[in-house]
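J.: next comes the sequence, and after it the predicted model I'd like to discuss.
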Amino acid sequence: MRRGLSPALLLPALLLLGACQTTMAGKAPTSSAAKSPPKASFDPAELQGQTAEGLSALLGEPSLVRREAEVEIWQYRGAACVLDLFLYPDGSRQRVIHLEARDNKLAEALPARSCLDQVLTAKATRKTA
């Protein structure tokens, strides 16, 4: 009668084989978490005082720029909101002095942070597309 591997030797052998698993370099993970773009988040108060160049670096190009007298209103869109940033002259530059967020269908005021997160998610999605 032939004798097989004892259970005491079989378990370590299986663990060693599992540790030898190889991965394909350069392949993107296939989990759903890997497919969603990374989302950066920050406090909307950090937008106060930003210049046009700073806004472009943080949020990308606005969906709409409206000018009224000395004021520029930069509009960004999230999945379900609109973020308006009001830039006023400060010396030779325009700076954000006020911002408002609203629902894009009902035009009701929204918390700026939730809308800013949507805008950042939209920006990240555009970069990965």
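T.: Thanks, I have it. Residues are numbered from 1 along each chain as shown.
J.: any idea of the mean pLDDT for the longest helix along the chain?
T.: Longest helix of the chain, by residue count under DSSP state H: helix 112-128. The pLDDT scores in helix 112-128 average 89.
J.: in the protein, which spans are strands?
T.: Listed in chain order, the strands of the chain (DSSP state E) span 64-68, 71-77, 81-90, 93-103.
J.: of those strands, give the one that comes closest to Ser56.
T.: Closest to Ser56 of the strands of the chain, according to CB to CB: strand 71-77, at 9.2 Å. C-beta coordinates here come from the backbone N, C-alpha and C atoms, glycine included.
J.: does anything pack onto that closest one? Which helices or strands?
T.: Judged by 3 or more CB pairs under 8 Å, 6 or more residues apart in numbering; DSSP states H and E, strand 71-77 is in contact with helix 52-59, strand 64-68, strand 81-90, helix 112-128.
J.: what's around the nearest residue to Trp74 once chain neighbours are set aside, how many residues?
T.: Once flanking residues are discounted, Trp74 sits nearest to Pro62: 4.1 Å by CB to CB, 6 or more residues apart in numbering. Neighbours of Pro62 under the rule other CB atoms under 10 Å: 20.
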